[in-house]
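Participant: Build me a model:
(2 chains)
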There are 2 protein chains.
Amino acid sequence: MKQEFDVLFAHNEFKAEAFLDELRGKKPLFILTIATTETAKIAGISAAGKYPEFTDYTPPADAELLQLGKCKSISGVPVTPDGIPTPALITMSALRLADVPVLVCSGGLRVKPQIPFLEVGGNPGRDIRSGNAVDSVQEVIDRAVIAGENLAKAADYLVIGESIPGGTTTALGVLSAMGVHAEGKVSSSMPDNPHDLKMETVKTGLAAAGESFGSLANNALRAVTCVGDPMIPAFAGLVIGAAGQVPVLMAGGTQMTAVLAVVNALNPDVLCNVAIGTTRWVVADTLSDIRGIVKEVADVPVLAADLDFGGSRFAGLKAYEKGIVKEGVGAGGAAIAAMAATEGAVTKDMLLREIERNYVSLMGLK
Amino acid sequence: MKQEFDVLFAHNEFKAEAFLDELRGKKPLFILTIATTETAKIAGISAAGKYPEFTDYTPPADAELLQLGKCKSISGVPVTPDGIPTPALITMSALRLADVPVLVCSGGLRVKPQIPFLEVGGNPGRDIRSGNAVDSVQEVIDRAVIAGENLAKAADYLVIGESIPGGTTTALGVLSAMGVHAEGKVSSSMPDNPHDLKMETVKTGLAAAGESFGSLANNALRAVTCVGDPMIPAFAGLVIGAAGQVPVLMAGGTQMTAVLAVVNALNPDVLCNVAIGTTRWVVADTLSDIRGIVKEVADVPVLAADLDFGGSRFAGLKAYEKGIVKEGVGAGGAAIAAMAATEGAVTKDMLLREIERNYVSLMGLK
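Facilitator: Numbering: from 1, shown residues only, chains lettered A, B, ... in the order given. Purely as a prediction, here's the structure:
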């Protein structure tokens, strides 16, 4: 893996390097696409919320943290069952260091954030085991395309992240429906990745929809409708709308490959302007395989922020080195954008200090 | 009145000229702030909708026209009772000629537009005769400030327009509550400006709220709550958030003075970055007095697009020369921005040709 600033070129190295070079000193706009799915409430599937019903609050709370520097929908910040803080802490710290503007887009939510957000006409997602998980996929994509087209005219490039608990399972759903071999390859916010539970959930959903592995290879919209989540169409529409004009860094882990599959199905021409930006924890993860899925879906470059919390004085942050959380809320992409926008003035060390400072203040620590 | 491009410096000429100079060749973002109020349904108060209940559809239809080039919530385009087309036709033509991006913000709507829009937590407005017209004024301002701050980082400057039928009456309400002598000075979309009906409506509202002329001179939020409309807090918040960083052209007629009064009450420091951009039809109107109100509220510059539809081959457009419609949907400000962004390459003649072309295609004419 080659490296510039504190960014790793994790896949398609030359293209990744060229992509990063294009972002140097440019002014990005960060968009956080948030949504909820009942799939997250299946026991054992997600760590994004201490109790299942908390998963409804995680996306709005993450969004509030980015825009306000604190949450309004919950007290404190979202944490895993073990008390490990949301990756929104990384995103917020990175974006503030580089003064990057933020816009929130709702794909469909049970709980609305107490901040301004872009509405694109989606509804909260149902449990994918129903085989009918997402409403209005085409309409949401159409509206998000319009938003992406217009926002791309206002910014040098877009960085788009997501927050949706349960999102790797729904990503596996869409990928499987479309015939991508992602079983055992999607990431997890938990150190023990429950691959079997995820695949079983997807299989139940596909069967309920009367579909099977690969049966929707040529129908991405129905794949999302049956076994996807409402973040995916909003995110995909934004990418399609924006990447016709400016570079788009898809900020996330293996979930990005499901979005990529939808973009590739609807408008493959824009992919020359697209890269995935994630964290070192995702690309180094031995229990998932982002490169393997990307190669099979559409071979875009993958960049990874070379974050390292090993030297942190806080157990809650050190835990990231044990493979807990790993990514989310566009943390990796936001870190990459902060480094590129400041032409390397923001380093991983500076970022960790800022994250620790915000962690202390938000958690009331000393 | 001095002039550059096809823009008139209608008030505070030197400041207006300097303001326009600052916009030359820069990349704006246009934000349309839409909302509805039951006040528009009072017989004889608004021409923005052929029947009172149509006024619920005018703002979403205007917003759709800007973003899609056609309406979805209604067939055709919004027209006055006499069939004169919405000023959104001017705005859309100007923004497309100069490739200006558009974002829609909802202050509170009975009918949601079928496009992406920024949600800032407001509700549709009640009839101001109730004395309790607008919900959550502080919260909406707070959220809109956040949106304005972030969008200002992505654009060189903002042009903010509005679409809310009945808006000059609610503007008169806020101005009167705050002790500004606006009686007989607010504009109208009708050639016969129903000043008496507007003032009577405002007086009924103030009495219902237990307030009187000037009693809320030091309480802008309550003035909006009692006798304003939901466009005002969203618009004011956007201005406050953005104008701390970049120029903001408030695109509209006399309604802008009510927004100006709220901004001036909450954060007068940002006004050095603010101008009003309207049309020649407003500044030439003998039945209203935008300069008089501006002087009393906060003496910002006023610019006017020197539009002239006298030479149009369409009666529906020629009618603008008779004082029908005059302004709305940020038409004047959008025209100014299109001229400034293209450094004068977009002229009023080119704009009229583009408006006629769009009028023909949207109305199915020949």
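
Participant: what's the nearest residue to whichever residue of the stretch 251-366 of chain A sits closest to chain B if we skip its chain neighbours?
Facilitator: Here the stretch 251-366 of chain A gets closest to chain B at one residue, A:A341, 11.2 Å apart by CB to the nearest CB. Just so you know, the C-beta spots here come from the backbone N, C-alpha and C atoms, and that holds for glycine as well. Take A:A341 and drop its neighbours on the chain: the residue closest to it by CB to CB, 6 or more residues apart in numbering or on different chains is A:A98, 4.4 Å away.

Participant: Quick check: phi and psi at the residue of the stretch 251-366 of chain A closest to chain B.
Facilitator: Here is the backbone geometry of A:A341 (degrees, to the nearest 10): phi -60, psi -30.

Participant: So which residues on chain A come close to chain B?
Facilitator: A:27, A:29, A:67-68, A:99-103, A:105-106, A:112, A:114-121, A:139, A:143-144, A:146-147, A:149-155 (CB under 8 Å from any CB of the partner chain).

Participant: Just those residues: which are in helices?
Facilitator: Those of these mapping onto helices are A:67-68, A:139, A:143-144, A:146-147, A:149-154, per DSSP state H.

Participant: May I ask which two of those are separated the most?
Facilitator: Among those, the pair separated by the greatest distance (CB to CB) is A:L68 and A:E139, at 29.9 Å.

Participant: any weak-confidence spans in chain A?
Facilitator: For chain A, applying pLDDT under 70 flags the ranges A:1, A:48-50, A:366.

Participant: and if we set it to 90?
Facilitator: With pLDDT under 90 as the threshold, chain A has low-confidence stretches at A:1-4, A:46-53, A:79-83, A:190-192, A:363-366.

Participant: could you say what helices and strands the strand or helix carrying A:V239 packs with?
Facilitator: Of the helices and strands defined by DSSP states H and E, A:V239 is found in helix A:231-243. Using 3 or more CB pairs under 8 Å, 6 or more residues apart in numbering or on different chains; DSSP states H and E as the contact definition, the elements that helix A:231-243 packs against are strand A:28-35, strand A:102-108, helix A:137-154, strand A:157-163, helix A:167-177, helix A:220-227, strand A:248-251, helix A:255-266.

Participant: let's go with 6 Å and repeat that
Facilitator: For helix A:231-243, the packing partners by 3 or more CB pairs under 6 Å, 6 or more residues apart in numbering or on different chains; DSSP states H and E come out as strand A:28-35, strand A:102-108, helix A:137-154, strand A:157-163, helix A:255-266.

Participant: mind listing what's buried in the longest one?
Facilitator: Of all the residues in helix A:137-154, those buried under the rule 16 or more other CB atoms under 10 Å in any protein chain shown are A:137, A:140-154.

Participant: and that helix, how far from the chain's centre?
Facilitator: Helix A:137-154 sits 18 Å away from the centroid of its parent chain (CA atoms, centre = their mean, to the nearest Å).

Participant: From the contact counts, what lies against that helix?
Facilitator: For helix A:137-154, the packing partners by 3+ CB pairs under 6 Å, 6+ apart come out as helix A:220-227, helix A:231-243.

Participant: okay, the helices and strands packed on helix A:231-243 in a markdown table with distance to B:E356 next?
Facilitator: Converted to a markdown table, the helices and strands packed on helix A:231-243 look like this (distance: least, CB to CB, whole Å):
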| stretch | distance to B:E356 |
| --- | --- |
| strand A:28-35 | 35 |
| strand A:102-108 | 35 |
| helix A:137-154 | 25 |
| strand A:157-163 | 36 |
| helix A:255-266 | 35 |
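
Participant: List the residues that contact the residue of the stretch 151-300 of chain A found nearest chain B.
Facilitator: Among the residues of the stretch 151-300 of chain A, A:K153 lies nearest to chain B; the distance is 3.7 Å by CB to the nearest CB. For A:K153, the contacting residues are B:P101, by CB atoms under 6 Å, 6 or more residues apart in numbering or on different chains.

Participant: now A:E13
Facilitator: With contacts defined as CB under 6 Å, 6+ apart, A:E13 is in contact with A:K2.

Participant: if I look at it, how far off is chain B?
Facilitator: Applying CB to the nearest CB, to the nearest Å, one obtains 30 Å for the distance of A:E13 from chain B.

Participant: do you know how far that residue is from B:K72?
Facilitator: A:E13 sits 45 Å away from B:K72 when distances are taken as CB to CB, to the nearest Å.

Participant: ok, now A:Q255?
Facilitator: When CB to CB is the yardstick, A:Q255 and B:K72 sit 31 Å from each other.

Participant: Just want to know which of those two has more residues nearby.
Facilitator: The neighbour comparison of A:Q255 against B:K72 (other CB atoms under 10 Å in any protein chain shown) goes to A:Q255, with 29 against 15.

Participant: My understanding was that that one contacts A:A171; is that so?
Facilitator: Yes. At 4.4 Å, A:Q255 and A:A171 qualify as touching, with contact defined as CB atoms under 6 Å.

Participant: re earlier: contacts for the helix holding A:V239, please.
Facilitator: Contact with helix A:231-243 is made by A:33, A:35, A:105, A:107, A:120, A:137, A:140-141, A:144-145, A:148-149, A:152, A:158, A:160, A:162, A:164, A:224, A:248, A:258-259, A:262-263, A:267, A:270, A:273-274, as judged by CB under 6 Å, 6+ apart.

Participant: are any of the residues you listed buried, and which?
Facilitator: Under a neighbour-count criterion of 16+ other CB under 10 Å, the subset of the contacts of helix A:231-243 counted as buried comprises A:33, A:35, A:105, A:107, A:120, A:137, A:140-141, A:144-145, A:148-149, A:152, A:158, A:160, A:162, A:164, A:224, A:248, A:258-259, A:262-263, A:267, A:270, A:273-274.

Participant: A:S176 is in contact with A:V202, correct?
Facilitator: Yes. Counting by CB under 6 Å, A:V202 does reach A:S176; the two are 5.2 Å apart.

Participant: Name the residues contacting each of the two.
Facilitator: Counting by CB under 6 Å, 6+ apart, A:V202 and A:S176 have no common neighbour.
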